[in-house]
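Chemist: Structure for this input, please:
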Amino acid sequence: MSMPSRVAVVGTGYVADLYMRSIELHPEVQIVGAYDLRTDRLHQFCDFWNVLAMDSLEALIAALPTDGLVLNLTSPASHYKVSRTCLEAGRHVYSEKPLALNFEDACKLVSLAEERGLQFGGAPCSHLSRAAQTLGAAVHSGIAGPIRLVYAELDDGYIPQAPYVKWLSESGAPWPYENEMRTGCTLEHAGYVLTWMIAIFGSIRTITAFSTAAIDKGLDGGCDTPDISIGILQFDSGPVVRVTCTIVAPHDHRILMVGDKGVLEVDDSWKNAAPVVFRKRFKLLRRLMESPVPRKLQLAADPSTRKARRRGAASMDFFLGPIEHLAAIQGAKVNRVGPALTLHMTEATLFLQSAGQESTTYRMKSRCDPLPSMDWAQTLRSDGGKG
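Modeler: Next comes the predicted model:
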């Protein structure tokens, strides 16, 4: 595929290595350089990946052609400032989540990009994966009937007791424990399932949510950032979705969709190639039950299942989003990681984290239509699409 492939990296911390390892799946991508305020970390990263180190953000921007892409991989508190600087310099931007730490700033970035005619959006991009696209195709095929209820779990275990001091990226960056705890697991992770739900079902109408800080995170001065959030999302198209995000409960990233004809399941939304299965509902004597033998669903045209080599448990191609963004820069009519999705996801995530203990209800301001499937994900295989 012909597309601009030049990319500049801002922020060379832990997550940057995940992006760099994913590049091996996309040989058309060329990294023109990287920049980080921490010069020691910058040079450690650049030496490991054989990338040119830049001594300022301005120098990095100047080295990137106008049809290139800035990857904003800085900490969440820096997302707004870095993205704004790059957009004002006339560069397209793909940002790690969230777009900003408040909805008003996120809206300003979207408006600025629109005024300058630039592509702006961001992570997460797991809704472009084979698992997410298979689930979307299953929903649209009607195999489970209309979807009424969804349970989406994002529980990561009791993280303060985990051996996180031993978690190092490939180039040696430590997992940023304090930053993660103060930012909050909801802002860091809720997007991984929210993007799936918005891509499939479209706009969220209202959210009723609860959040609280329930555990001691062991930080100097304490940390009252919520480590538990539970949200009930009502979508305009009908489904009710419960999203649970914690660093307290045992690891669980399952998605379960209940329809009139049965249940769709994904065992781990963080695995790009996770199996999608359907359990048909039936009556047996006086009992109503779902089939104990699930049917694995597959797409009629399956993409490559190659995985990037990496240390750790992440089974995601972090470059699916930048590749989609680059295609939009070239002129593709659809950008599945563009501002409508990322702004709607950011707004929902910010409310989920800040809801507090009063179980308040919030009416969403932004909107996002359901996203078209990837070109290779239009239909299920004939032996798996009807059951």
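Chemist: now that we're looking at residue 335, how far away is residue 121 from it?
Modeler: According to CB to CB, to the nearest Å, residue 335 stands 6 Å off from residue 121. Where you see a C-beta, it was placed from the backbone N, CA and C, and this is true even at glycine.
Chemist: of those two, who's got more company?
Modeler: residue 121 (28 against 21; other CB atoms under 10 Å).
Chemist: State the distance from that one to residue 95.
Modeler: Residue 121 is 8 Å from residue 95, by CB to CB.
Chemist: Quickly list what's touching both of those two.
Modeler: residue 342 (CB atoms under 8 Å, 6 or more residues apart in numbering).
Chemist: still on that earlier bit, touching both of residue 335 and residue 121, which residues are there?
Modeler: residue 325.
Chemist: spatially speaking, which residue is in the middle of the protein?
Modeler: residue 124 (2.0 Å; CA atoms, centre = their mean).
Chemist: wait, doesn't that residue sit right on residue 94?
Modeler: No - checked against CB atoms under 8 Å, the pair residue 124 and residue 94 is beyond contact range at 11.3 Å.
Chemist: Enumerate the strands of the stretch 251-387 of the chain by residue range, in sequence order.
Modeler: With DSSP state E, counting those that start in this stretch, the ranges of strands along the stretch 251-387 of the chain come out as 255-259, 262-266, 276-284, 287-290, 295-297, 361-363.
Chemist: By mean pLDDT, show me the worst of these.
Modeler: When the strands of the stretch 251-387 of the chain are compared by mean pLDDT, strand 287-290 comes last with a mean of 91.
Chemist: Determine the set of other helices and strands touching that one.
Modeler: When contacts are defined as 3 or more CB pairs under 8 Å, 6 or more residues apart in numbering; DSSP states H and E, strand 287-290 packs onto strand 276-284.
Chemist: got the angle between the strand it packs on and strand 262-266?
Modeler: Orientation of strand 276-284 against strand 262-266 (axes from the mean of the first three to the mean of the last three CA atoms, to 10 degrees) gives an angle of 150 degrees.
Chemist: Only C-alpha atoms, please: export strand 276-284 in PDB.
Modeler: Provided in PDB are the C-alpha atoms of strand 276-284 (Å, rounded to 0.1, in the frame of the first residue of the first chain):
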ATOM      1  CA  VAL A 276     -14.400 -15.100  19.600                       C
ATOM      2  CA  VAL A 277     -17.000 -17.700  20.500                       C
ATOM      3  CA  PHE A 278     -20.800 -18.000  20.400                       C
ATOM      4  CA  ARG A 279     -22.900 -20.000  22.800                       C
ATOM      5  CA  LYS A 280     -26.400 -20.600  21.400                       C
ATOM      6  CA  ARG A 281     -29.300 -20.400  23.900                       C
ATOM      7  CA  PHE A 282     -31.700 -23.400  23.900                       C
ATOM      8  CA  LYS A 283     -34.300 -25.100  26.100                       C
ATOM      9  CA  LEU A 284     -33.700 -28.500  27.600                       C
END
